[in-house]
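Participant: task: produce atomic coordinates for the following.
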Amino acid sequence: MTSVLRSALRLVYPPRCLTCDAQVDDEFGLCGPCWRDTPFITGLVCDHCGVPLPGEDHGEAELCDECLKITRPWSHGRAALIYKDLGRKLVLSLKHGDRADLAKPAAKWLARVATPLLRQDTLVVPVPLHWSRMLKRRYNQSAVLADAFAKHLHLEYCPDLLLRSRRTQSLDGLNFQERFAMTNGAMRPNPRHAHLIKDRSILLIDDVMTAGATFSASTQAAYAAGAREVCVLALARVAKDT
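Facilitator: Down below sits the predicted model:
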């Protein structure tokens, strides 16, 4: 599209806020009030799950209480938003509202927090969706996110490096132990891409991290296929008392 045509379209169809439809300066942007009300994660965070922590960031790895109690199989983790208010609305719009247009700005938000997770040989991989859910939903929101993120940072991307070998029930309403029991062994590496994963640094991307059960199952599948390191990145992190 030429700059002249783009300018003409902007005059006829000015850019609108992603959440409230107010007019904004740039495409795929948020208006001032919505930007202020979106719970972006900044400052000191847990090095394993990305949840915000009290205190200042002095460049040293810190862990939240939850990650001190359980062993995370991945190396490092980050998230761009807290899963509440407009953060929750954005995630649900991407997941259930056919708002694939949200992936482009979400990729930029993910890139802001992903620096500690990136390596020279990073391979971007989405958390897999079972084929039966794919038929119903028509797309994997994690793959849409991962694809946009990889393109934004010019990283290698493989949409089906991991497969979900069995369908699990919704994790909503399940407690910590039930979530891990439900997802245990549910992921497996795709044998077609065994050559891509061996001795590589894998960056797993999902829309939401709650307990970390889905990330754990995916991480274990990646290590089983010979990955050297696995890091995780979520658009939103469920956090207590936020």
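
Participant: C-alpha from now on. contacts and neighbour counts both.
Facilitator: Fine.

Participant: next helix or strand past the lowest-mean-pLDDT helix or strand in the chain?
Facilitator: The least trusted helix or strand in the chain, going by mean pLDDT, DSSP states H and E, turns out to be helix 3-12, with a mean of 46. Following helix 3-12 in sequence order, the next helix or strand is helix 32-37 (DSSP states H and E).

Participant: buried set for that next one?
Facilitator: Within helix 32-37, the residues scored as buried using 16 or more other Cα atoms under 10 Å are C34.

Participant: which strands or helices does that helix pack on?
Facilitator: With contacts taken as 3 or more Cα pairs under 8 Å, 6 or more residues apart in numbering; DSSP states H and E, helix 32-37 sits against helix 85-96.

Participant: contacts for the helix it packs on, please.
Facilitator: With Cα atoms under 8 Å, 6 or more residues apart in numbering as the test, helix 85-96 has contacts from 19, 34, 37-40, 81-83, 99-100, 102-103, 137, 140-141, 207-208, 235-236.

Participant: also stretch 101-113?
Facilitator: 18, 28-29, 78-80, 90, 94, 144-146, 148-149, 152-153, 233-235.

Participant: of the residues you listed, buried ones?
Facilitator: Among these, the ones that count as buried by 16+ other Cα under 10 Å are 18, 28-29, 78-80, 90, 94, 144-146, 148-149, 233-235.

Participant: outline the domain layout of this structure.
Facilitator: 1-37, 40-237 (automatic domain parsing).

Participant: so how far is H152 from T183?
Facilitator: 30 Å (Cα to Cα, to the nearest Å).

Participant: how about C64?
Facilitator: 30 Å.
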